[in-house]
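[1] the following comprises the amino acid sequence and a computationally predicted model.
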Amino acid sequence: MRDKTQTNSAAPGDRLIRAGAIVFFLGALATLVTLAPLLLGTTPFPAYMFGLSMLMGVGFLIAGAGVLRSIAAGRRRARAAAS
């Protein structure tokens, strides 16, 4: 049973996926906070604050890199098992 993956083991790319999700949600929160004054009719934040909204895209890219790394590790395992 040593060849079975344990439920608490971390596969390659898992940390990147988690980090990407965290960065994405921070970007989503920043977007909501930045757009709230525009919707409420108050004084908007300075323009550089809108740059924080870019965290959503950065988080998406980090998570995507984690998914690709996980796929590559799975293919390597499959090739090793087939050999």
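    Received, thanks. Numbers count the residues shown, from 1 in each chain.

[2] contacts only, for Thr43.
    With contacts taken as Cβ atoms under 8 Å, 6 or more residues apart in numbering, Thr43 has the following neighbours: Pro37. To be clear about C-beta, it is placed using only N, CA and C from the backbone, and glycine gets the same treatment.

[3] any idea how far Val33 is from it?
    Applying Cβ to Cβ, to the nearest Å, the value for Thr43 to Val33 is 14 Å.

[4] just Gly51 next, same as before
    13 Å.

[5] nearest the middle, which residue of this protein would you pick?
    Nearest residue to the geometric centre of the chain (Cα atoms, centre = their mean): Gly20, 1.8 Å.

[6] give me the element that residue is part of.
    helix 14-40 (DSSP states H and E).

[7] show me what that helix is packed against.
    When contacts are defined as 3 or more Cβ pairs under 8 Å, 6 or more residues apart in numbering; DSSP states H and E, helix 14-40 packs onto helix 55-82.

[8] next one: the helix it packs on to chain centre, how far?
    12 Å (Cα atoms, centre = their mean, to the nearest Å).
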